[in-house]
Every structure is written in C-alpha cells, then in structure tokens.
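**Q** One predicted model, sequence on top.
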Amino acid sequence: MWGIGVAVYFVAVIFRTSLGVAGLDAIERFHINASALSTFSIVQVLVYAGMQIPVGLMVDRLGTKKVLTLGVVLFTAGQLGFALSPSYATALAARALLGCGDAMTFISVLRLGTRWFPARRGPLIAQIAALFGMAGNLVSTIFISRTLGSLGWTTTFAGSALAGVLVLVLLVLFLRDHPEGYEPPPVEHAGATYVRKQIAAAWREPGTRLGLWVHFTTQFPAMFFLLLWGLPFLVEAQGLSRADAGQLLTLIVLSNMVVGLVFGQVIARHHAARAPLALGTVGTTALVWAVVIAYPGDRAPMWLLVALCAVLGACGPASMIGFDFARPANPPERQGTASGIVNMGGFTASMTTLLAVGVLLDATGDNYRIAFSAVFVLQAIGIVQILRLRARTARRERERLVASRVEVVHVPA
C-alpha cells in the first residue's frame, strides 16, 4: 500500500523538477528573460505552498486515497498541458495546475506511512519516502535532460505524462488508506469551525512551529538549485557543458539518497540528534555556498562545485527532520494538518529565493554572486527561529512523555 503512494510521489517529483533541466530550452521556446523563467517555478511553488494547509485538512477529513487520486489527475493534466502549451501564459497556467496536484502527494504519503507502520519507524519511513522522491529527480536530470535534445519539447513532456496515467490506475485499483480493523476515529463535520480548530490546535504546538522553521531553513538551497537555477548557474556562470552540469545535479540527488538513509537511522535511534543535524546541515551549506560564490576569479574549480553539490544533497533529508518535530506533537487525527503547516516552510523559502534570484540576475546583468547571496538572508531568519523554539519544544515533549507514563501507571488491571 505504501509503495503505491510512494510511486505517486515519485512521478510527482519527476514532473515537479522537469523544468529544472529545461530552463534554457524554455527561454528559447517562449522567448523570455530570467525573471519570466523564474515565474514558472514561483507560480508552481506558490500554489504548492498555498495548498499545504487545505491539503492537510483534506487528508485528515477524506483520507489518503481520495486526495492522492485528485492530485494525480491534476499534476498529469499540468504536465501534459505544459507539453502542448503554445504560449508563455498557457505554460504558466499548466505549471500552476501541476503545482496544485503535486501539493496533494507528499502529505498523503506521510499520512499513509503513519497508518501502515508503527510510530517508532516514522523518521525512517519519511526519509525513505523522500529518497524515492529524489529518485524521481534523478529521472529528470538523467533522462528528461537527454530526451529534450533528441526528441524535443512536446514529445518529452507529453511522453512523461504517461507515467501519471500508470500510477493513477494502480492507485484506483489497489490502494487502501489503512489496514483492515485499524480505521481512524470518525472526524467531526467539516466546516469553518472544524478548520479553525484543526489549524489552531496544530499551530499551538511548538513542535509544529519548530518543524516549519526547520523545513524552511534546510530545504530551499537545494530546492531552488535543482528546480531552476542550478543548470543555468553551472553552464552560464561556471562554463560547464550541459552534460557536466547534469552530472553535478545528479550528484545532489545521489547524495540526498545516501544522507537520507543515514539521517533516518540516526534519528530513529537518537531522537536528540534532530536539531544538531538540522543546524549542522544549515551551517555546512552556508559555508560551502559562501566559498563557491566568493572564490577568486570567474569560475570555481570542479572539486569545489562537487563539494557544493554533495553538501546540497543533505538539505532534503535535513528538511524531513521538521516532520519529526511535528509528528510527536500532534495526535493521529491532526497529522495531515500539522504536516501541511511544516511543508509550507521550505516551499515558501524556495519560492522567495526563486523570485529574488531571478530579479537580482536581471538587475545586475546576470551576476550570480550577488543573486545567490539571497540564500544567506533566509538562512539567518530561519536559524533565529529554530534557536528560539528549540528549548520550548524540548520542554513540551518532556511534559508529554511524563504525562503518558503517569497515564500508563494509573491504568486499572
């Protein structure tokens, strides 16, 4: 069951990241500049981020299968529409539709994991789900980038849309929300009061807010690099061929997959490692990023670009730690809403960075050093919030643990 959900997420990430290897092609196809190119991803991520809380509420109310089914229909239609778009405006609308469908996948997969696996496996299951998502990114960087050159825009994107049809069939025929006999408690009538109560209750938990800021601070450097600006930076600013740039983007994905497995195992065994891993990833990313953009001369050496991409691979697994703060802070009937709040963080930061880099590139005549410095501003904001909420979250978790032990002691024989 969980494998079907992960397959849906795998395809969603292929569609989400396919523009990352087609940015230069999009500039030629639609005759646009850097700001207009960044608008594709900004709209996609804006819709994605804006849908997170509504999707969380939908998952809690309707269950995984219904929400995933709707998501697959929307992101497949968006990918096909992008393939056939004759103009910039229609392509923009297609990316918005794709972002809406994509928004319904990951939270649903997280919810599916909590229904089919014991709670102690939660961190590892979440990291493995993200790992399969990065495998989808791998498909984009290896296969879509190559087929664009040989088959062209329309054939490549329309052909990839067939993967959405395949997972839709599997989803409709086989997926079940939960094991037989483990039905969740009935949810109260969905209305404005229910929505307010769900969001307010999740937000009151410091673990939910800390999860949002961890996700915000850790995810976006790799996300905006893979989603759009990595290939242009490596080709235009660093003078690499598209093949070499594609290999470096592939390195990010491979690094992500390895680090994700390590982080999942470490956190499952040592819960206290969550914040140090997140903050360590942010600090390392900032350091290597600063060295790359400040390196003397026009271009950084290849070994340094390899180091950057290897470090960026840790950003995705680190962002998953945000869900590990929110998960124990919320009961099962509120997991979707809490996950939606957390998931807004990284995509809000990614959207902001995509916009800032596009605007700064146009304003400075494609000066990537200045444009990429926007990363440090968002990292600083996020670190302040993480440090502010960390102690409060730890205190709340200790209180909950003590309360659960007292409850167990007083259970009558």
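**A** Structure's in. What do you need? Residues are numbered from 1 along each chain as shown.

**Q** Helices of the stretch 251-400 of the chain, start to end?
**A** 274-294, 302-312, 315-326, 335-364, 368-372, 374-409 (DSSP state H, counting those that start in this stretch).

**Q** List the buried residues for the longest one?
**A** If I follow you right, that is helix 374-409. Under the neighbour-count criterion of 16 or more other Cβ atoms under 10 Å, helix 374-409 has 374-375, 378-379, 382-383, 385-386, 389-390, 393-394, 396-397 buried. For every residue, glycine as well, the C-beta is placed using N, CA and C.

**Q** orientation of the helix or strand of the chain with the lowest mean pLDDT relative to helix 274-294 in degrees?
**A** Sorted by mean pLDDT, DSSP states H and E, the helices and strands of the chain end with helix 122-139, the least confident at a mean of 79. Following axes from the mean of the first three to the mean of the last three Cα atoms, to 10 degrees, one obtains 30 degrees for the angle between helix 122-139 and helix 274-294.

**Q** picking that back up, format the helices of the stretch 251-400 of the chain as TSV; extra columns: mean pLDDT.
**A** Below are the helices of the stretch 251-400 of the chain laid out as TSV (pLDDT from 0 to 100):
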stretch	mean pLDDT
helix 274-294	96
helix 302-312	97
helix 315-326	92
helix 335-364	89
helix 368-372	94
helix 374-409	84
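
**Q** so which of these gets nearest Leu19?
**A** Of all the helices of the stretch 251-400 of the chain, helix 335-364 sits nearest to Leu19, with 10.9 Å by Cβ to Cβ.

**Q** can you give me the offset of the closest one from its chain's centre?
**A** Taking Cα atoms, centre = their mean, to the nearest Å, one finds the center of helix 335-364 at 10 Å from the center of the full chain.

**Q** circling back to that earlier point, what does the least confident helix or strand of the chain rub up against?
**A** 2, 5-7, 9-14, 16-17, 106, 109-110, 113-114, 117, 226, 250, 253-254, 256-257, 260-261, 263-265, 267-268, 316-317, 320, 323-324, 327 (Cβ atoms under 8 Å, 6 or more residues apart in numbering).

**Q** Is Trp229 in contact with Leu354, as I believe?
**A** Yes. The criterion here is Cβ atoms under 8 Å, and Trp229 meets it with Leu354 at 7.4 Å.

**Q** Please identify the buried residues of the following helix or strand past the least confident helix or strand of the chain?
**A** Per DSSP states H and E, the first helix or strand lying C-terminal to helix 122-139 is helix 145-151. For helix 145-151, burial by neighbour count (16+ other Cβ under 10 Å) applies to 145, 147-148.

**Q** What is the neighbour count of Ile27?
**A** For Ile27, the neighbour count with other Cβ atoms under 10 Å is 15.

**Q** which SSE is it in?
**A** For Ile27, the host element (DSSP H and E) is helix 23-30.

**Q** So which residues lie in contact with that helix, not counting its own?
**A** 19, 32-33, 36-37, 40, 87-88, 91, 148, 153, 228-229, 231-232, 235, 242.

**Q** and stretch 66-76, how far out from the chain's middle?
**A** Here stretch 66-76 is found 17 Å from its chain centre; the criterion is Cα atoms, centre = their mean.

**Q** do stretch 199-209 as well
**A** Its chain's C-alpha centre and that of stretch 199-209 lie 20 Å apart, by Cα atoms, centre = their mean.

**Q** Can you check the distance spanned by it, start to finish?
**A** One end of stretch 199-209 sits 12 Å from the other (Cα to Cα, to the nearest Å).

**Q** Can you point out the buried residues in it?
**A** Within stretch 199-209, judged by 16+ other Cβ under 10 Å, the buried ones are 199, 201-202, 205-209.

**Q** for stretch 243-262, same thing?
**A** Neighbour-count burial for stretch 243-262 flags 245-257, 259-260 (criterion: 16+ other Cβ under 10 Å).

**Q** Which single one of the residues you listed is nearest to Asn367?
**A** Ala245 (19.0 Å).

**Q** Could you look up the next helix or strand downstream of whichever strand or helix holds Met58?
**A** Per DSSP H and E: Met58 is located in helix 52-62. Going down the chain from helix 52-62, the next helix or strand is helix 64-84, by DSSP H and E.

**Q** Disregarding residues adjacent in the polypeptide, which is nearest to Met51?
**A** What sits nearest to Met51 in space, not counting adjacent residues and going by Cβ to Cβ, 6 or more residues apart in numbering, is Ala103, at 3.7 Å.

**Q** Verify the stated contact: the one you found with Val45.
**A** No. Using Cβ under 8 Å, Ala103 is not in contact with Val45; the gap is 9.7 Å.

**Q** still on that earlier bit, just the buried ones from the contacts of helix 122-139?
**A** 2, 5-7, 9-14, 16-17, 106, 109-110, 113-114, 226, 250, 253-254, 256-257, 260, 263-264, 267-268, 316-317, 320, 323-324, 327.

**Q** Just the ones in strands from the residues you listed, please.
**A** Among the buried ones among the contacts of helix 122-139, no member falls in strands (criterion: DSSP state E).

**Q** what does stretch 378-396 contact?
**A** Here stretch 378-396 makes contact (Cβ under 8 Å, 6+ apart) with 205-207, 209-210, 213-214, 216-218, 220-221, 275, 278-279, 282, 285-286, 325, 329, 349, 352-353.

**Q** rerun at 7 Å
**A** For stretch 378-396, contacts defined as Cβ atoms under 7 Å, 6 or more residues apart in numbering pick out 206-207, 209-210, 213-214, 216-217, 220, 275, 278-279, 282, 286, 325, 329, 349, 352-353.

**Q** ok so, going back, what is the neighbour count of the residue nearest to Met51?
**A** Ala103 - counted by other Cβ under 10 Å - has 31 other residues nearby.

**Q** was I right about it contacting Gln52?
**A** Yes. Between Ala103 and Gln52 there is a contact at 6.3 Å, judged by Cβ atoms under 7 Å.

**Q** what sits in contact with each of the two?
**A** Common neighbours of Ala103 and Gln52 (Cβ under 7 Å, 6+ apart) do not exist.

**Q** on that earlier part again, send the alpha carbons of the least confident helix or strand of the chain over as PDB?
**A** Extracted C-alpha coordinates of helix 122-139, given in PDB (Å, rounded to 0.1, in the frame of the first residue of the first chain):
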ATOM      1  CA  GLY A 122       8.200   7.200  11.400                       C
ATOM      2  CA  PRO A 123      11.500   9.000  10.900                       C
ATOM      3  CA  LEU A 124      13.000   6.200   8.700                       C
ATOM      4  CA  ILE A 125       9.800   5.800   6.700                       C
ATOM      5  CA  ALA A 126       9.600   9.500   6.000                       C
ATOM      6  CA  GLN A 127      13.200   9.600   4.900                       C
ATOM      7  CA  ILE A 128      12.700   6.600   2.600                       C
ATOM      8  CA  ALA A 129       9.700   8.300   1.000                       C
ATOM      9  CA  ALA A 130      11.800  11.400   0.400                       C
ATOM     10  CA  LEU A 131      14.500   9.200  -1.000                       C
ATOM     11  CA  PHE A 132      12.100   7.800  -3.700                       C
ATOM     12  CA  GLY A 133      11.100  11.400  -4.400                       C
ATOM     13  CA  MET A 134      14.800  12.200  -5.100                       C
ATOM     14  CA  ALA A 135      14.900   9.200  -7.400                       C
ATOM     15  CA  GLY A 136      12.200  11.000  -9.400                       C
ATOM     16  CA  ASN A 137      14.600  14.000  -9.500                       C
ATOM     17  CA  LEU A 138      17.200  11.600 -10.800                       C
ATOM     18  CA  VAL A 139      14.900  10.700 -13.700                       C
END
